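> Structural data only, the sequence is not supplied:
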């Protein structure tokens, strides 16, 4: 039997509307370290987005590598497998591999090709070893960019072909009593995204969603990253997102943070258990829907009084206005002076006539993808009509090509 701990989407280095989250990440990593020891974990799987940006700070990298050293020192037999996500720099994440492999840590960020141009599938197969014996094989597939997968008509079909070819390679090398585990950082169709959440950045606005059929029933467990809500996909208990350990946006305020403990005996999945992590800092929105100023001030008056600390909740305030209100921020900040919350975001929603129109904040504009911009402009120009699939696919190929060049450089 082998015990796996599945986690993803740490986003180390993220700032929450300019608030540093170092203390929150340190608390999560310490909690995870304790879980690895208490649950007698054999393998830790980290399914992408270790860091929040491709160029993480020295402090963020130090936090990550110190954690790896601590858990492998605490648990001599522990094996760690990490894949890169779309927020990570694949090459940067893989760079320390020669040193990390001495600590039984494998990182896969790049899809490499052999001299004949064929994908090196064998490199993406990681043997999972317990007591000196290979008990399972892990298909460690990082976030896939254009050119990483076999030639196909679309991104979803290319990703599916990638997993099918890799599964065949795994079936060729495994022994009858060895299970197959898959990892991936991608958006599976049917996966639940928090409403209006742009922190779970898709590549091209949804065109890249991959069918769950990409993961064969011969795979005992599929450990996914990218979507921040922990969930099984399309009713398949064995295909799961671990979810992010910290809420990444106000849209995720109702998510329950967790990691997934998995047991596999022989080739059979025998246990799946969610281990809940109580995020140290909560995110609050008042009111739930934008209201006039006086109603908002009444809700602020109900917030707890006290000093602001590292554990004080992040607060989003939504005010409904009918005309520009120059004193809006001042009035809100004055009302919050003796409240133990940290104002992170103030949204003014302007209502006029029968329609409600809102302006994106600076923070929102930073997270809008090129495809979202194109799609909104198309709908604006053509009276709300949806952009045709042919145009989406064309834009998809262009965006992926540019993205691939940026990462390579």
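Good, I have the coordinates. What you see is a predicted model, and the numbers here were worked out from it, not measured in a lab.
> hey, let's count contacts and neighbours off CA atoms from now on
Fine.
> who's in contact with residue 379?
Residues near residue 379 by C-alpha atoms under 8 Å, 6 or more residues apart in numbering: 385, 386, 387.
> secondary structure class for residue 394?
What DSSP: H, G, I helix; E, B strand; the rest coil gives for residue 394 is helix.
> who's in contact with stretch 124-134?
2, 42-43, 77, 79, 106, 108, 111, 135-141, 166, 170, 178.
> Just the ones of these in helices?
166, 170 (DSSP state H).
> Show me which of the contacts of stretch 124-134 are buried.
By neighbour count, with 16 or more other C-alpha atoms under 10 Å, these hold 2, 42-43, 77, 79, 106, 108, 111, 135-141, 166, 170, 178 as buried.
> Which of those residues fall in strands?
Judged by DSSP state E, strands contain the following of those: 2, 43, 79, 106, 108, 135, 136, 137, 138, 139, 140.
> Max pairwise distance over those: which two?
2 and 108 (21.3 Å; C-alpha to C-alpha).
> what sits against the residue lying closest to residue 214 once chain neighbours are set aside?
Nearest residue to residue 214 in three dimensions, chain neighbours excluded: residue 160, at 4.7 Å (C-alpha to C-alpha, 6 or more residues apart in numbering). Contact partners of residue 160, counting by C-alpha under 8 Å, 6+ apart, are 210, 211, 213, 214, 215.
> Mind listing residues that contact stretch 162-181?
So stretch 162-181 is contacted by 121-122, 124-125, 134-139, 149-150, 214-216, 218-223, 264, 266-268 (C-alpha under 8 Å, 6+ apart).
> Show me which of these are buried.
For those, buried by 16+ other C-alpha under 10 Å: 121, 124-125, 134-139, 149-150, 214-215, 219-223, 264, 266-268.
> Just the buried residues of stretch 274-291, please?
For stretch 274-291, a neighbour-count test (16+ other C-alpha under 10 Å) marks 274, 279, 281, 282, 283, 284, 285, 286, 287, 290, 291 as buried.
> Is residue 161 located within a strand, as I assumed?
No - using three-state DSSP, the assignment for residue 161 is helix, not a strand.
> now the helices: where do they sit in the chain?
22-38, 58-74, 90-94, 97-100, 155-173, 293-300, 328-335, 362-367, 370-381, 389-408.
> avg pLDDT for the third one?
It stands for helix 90-94. Computed over helix 90-94, the mean pLDDT rounds to 95.
> again, but for the fourth one
What helix 97-100 shows for mean pLDDT is 94.
> In strands only, show me the buried ones among the contacts of stretch 162-181.
125, 134, 135, 136, 137, 138, 139, 221, 222, 223, 264, 268.
> Redo the residues you listed as TSV? Include distance to residue 47 and pLDDT.
As requested, these are exported to TSV (distance: C-alpha to C-alpha, whole Å; pLDDT from 0 to 100):
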residue	distance to residue 47	pLDDT
125	15	97
134	21	96
135	20	96
136	17	97
137	16	98
138	12	98
139	11	98
221	13	97
222	10	97
223	7	98
264	18	97
268	21	93
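> of all those, which comes closest to residue 317?
Nearest member of those to residue 317, counting by C-alpha to C-alpha, is residue 223, at 35.8 Å.
> and residue 75, how far is that from residue 321?
57 Å (C-alpha to C-alpha, to the nearest Å).
> Residue 184 and residue 159 touch, don't they?
No - assessed by C-alpha atoms under 8 Å, residue 184 is found out of contact with residue 159, at 10.0 Å.
> for residue 320, what are its contacts?
Applying C-alpha under 8 Å, 6+ apart, the residues near residue 320 are 290, 291, 292, 293, 348, 349, 350, 351.
> picking up where we left off before, now that we have the contacts of residue 379, which one has the most neighbours?
residue 387 (15 neighbours; other C-alpha atoms under 10 Å).
> ok, that residue to residue 377 distance?
From residue 387 to residue 377 the distance is 10 Å (C-alpha to C-alpha).
> Likewise for residue 77?
Taking C-alpha to C-alpha, one finds residue 77 at 54 Å from residue 377.
> same question, residue 398
Residue 398 is 17 Å from residue 377, by C-alpha to C-alpha.
> Next: residue 396.
Counting by C-alpha to C-alpha, the gap from residue 396 to residue 377 is 16 Å.
> For these two, indicate the residue with more neighbours.
residue 396 (22 against 13).
> quick one: pLDDT of the more buried one?
Note on residue 396: pLDDT of 74.
> Next one: it from residue 88, what distance?
20 Å.
> Then residue 301?
According to C-alpha to C-alpha, residue 301 stands 41 Å off from residue 88.
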